[in-house]
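In: Let's see this in three dimensions:
(2 chains)
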Amino acid sequence: DGGITQSPKYLFRKEGQNVTLSCEQNLNHDAMYWYRQDPGQGLRLIYYSQIVNDFQKGDIAEGYSVSREKKESFPLTVTSAQKNPTAFYLCASSKQGWGGETQYFGPGTRLLVL
Amino acid sequence: DQQVKQNSPSLSVQEGRISILNCDYTNSMFDYFLWYKKYPAEGPTFLISISSIKDKNEDGRFTVFLNKSAKHLSLHIVPSQPGDSAVYFCAASPPGTYKYIFGTGTRLKVLA
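Out: Just a heads-up that it's a prediction; the model follows:
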């Protein structure tokens, strides 16, 4: 049963703390993405990776970092430099990362600041 | 600068009737469009797509229409069902890129 899993479902961050959101896929997709959704807004791209050990910044990468050491995994770290981290974070994947491919989404992680 | 716009934040439709969700875009070079459905606290689910070389694509109760001259696409759901109540996002892809640019979403409520 292929899909994308994200954990945890809810995550709380204290001031000055880095937190890492997990994203795993078993769809054998090459490309993976991280999006952020804020109330009343569309999804905005944070980072993107088309192959292992390579990734590019999206539209709102400041305050975030990623790694892509394995094809299946694309964790996102929200650093203390991200001043407004409260949002719903969505991970997605697609076969090769080319334009026109369907992106498939995980269930999301809601990050809240204490 | 919102390149993909969904100007109706919400829409209510009676069960069994047609739901029409609209999306406007500004970049005539967009070559691929998708519609996603999203329930609260869940990830978006792919619904239907259309390439810029077509003007219509149909999948069961869902039909997407593309009017390139007007830079407008619409999603028709017929007949609407209570389970269709969700937020619907349209997304557009510039040519030669990996990116999708998402609209702000329209919340559809289907009344039983």
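
In: elements contacting the lowest-mean-pLDDT helix or strand in chain B?
Out: Here the helix or strand of chain B ranked lowest by mean pLDDT, DSSP states H and E is strand B:101-102, holding a mean of 92. Judged by 3 or more C-beta pairs under 8 Å, 6 or more residues apart in numbering or on different chains; DSSP states H and E, strand B:101-102 is in contact with strand B:86-93. The way it works is simple: take the backbone N, C-alpha and C, and place the C-beta from them, glycine included.

In: if we look at the strand it packs on, which residues are touching it?
Out: A:42-43, A:99-100, B:3-4, B:6, B:21, B:23, B:25, B:27, B:30-39, B:44, B:47, B:73, B:75, B:99-108 (C-beta atoms under 8 Å, 6 or more residues apart in numbering or on different chains).

In: What pairs with that strand, parallel or antiparallel?
Out: Note on strand B:86-93: by DSSP bridges, its sheet partners are strand B:32-38 (antiparallel), strand B:101-102 (antiparallel), strand B:106-111 (antiparallel).

In: pLDDT value on residue 85, please?
Out: Unless you meant another one, I'm taking chain A. A:Pro85 is assigned a pLDDT of 92 by the prediction.

In: I was thinking of chain B, sorry if that wasn't clear
Out: At B:Ser85, pLDDT is 97.

In: hang on, the earlier thing: let me have the strands paired with strand B:86-93 in CSV, extended by mean neighbour count.
Out: Shown next, in CSV, are the strands paired with strand B:86-93 (neighbours: other C-beta atoms under 10 Å in any protein chain shown):
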stretch, mean neighbour count
strand B:32-38, 23
strand B:101-102, 22
strand B:106-111, 18
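
In: Reformat those strands as CSV; add distance to B:Ser80.
Out: Below are the strands paired with strand B:86-93 laid out as CSV (distance: least, C-beta to C-beta, whole Å):
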stretch, distance to B:Ser80
strand B:32-38, 13
strand B:101-102, 23
strand B:106-111, 5
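
In: Just the buried residues of stretch B:62-76, please?
Out: B:62-66, B:71, B:73-76 (16 or more other C-beta atoms under 10 Å in any protein chain shown).

In: Max pairwise distance over these: which two?
Out: B:Phe62 and B:Lys71 (21.0 Å; C-beta to C-beta).

In: In stretch A:55-72, which residues are buried?
Out: For stretch A:55-72, by 16+ other C-beta under 10 Å, it's A:55, A:58, A:60-61, A:64-66, A:68, A:71-72.

In: which residues are contacting that stretch?
Out: A:24-26, A:28-30, A:32-34, A:36, A:44-54, A:74-79, A:81-83, A:85, B:99.

In: I'd like to know which of the strands paired with strand B:86-93 lies nearest to B:Ser85.
Out: Among the strands paired with strand B:86-93, strand B:106-111 sits nearest to B:Ser85 (C-beta to C-beta), with 5.0 Å.

In: residue contacts, the closest residue to B:Ser8 other than its chain neighbours?
Out: Distances taken as C-beta to C-beta, 6 or more residues apart in numbering or on different chains put B:Thr106 closest to B:Ser8, at 5.2 Å, once the chain neighbours are dropped. Contacts of B:Thr106 were listed using C-beta under 8 Å, 6+ apart, and they are B:6, B:8-11, B:21-22, B:87-88.

In: now A:Leu76
Out: A:20-21, A:23, A:34, A:46-47, A:64-66, A:89, A:91.
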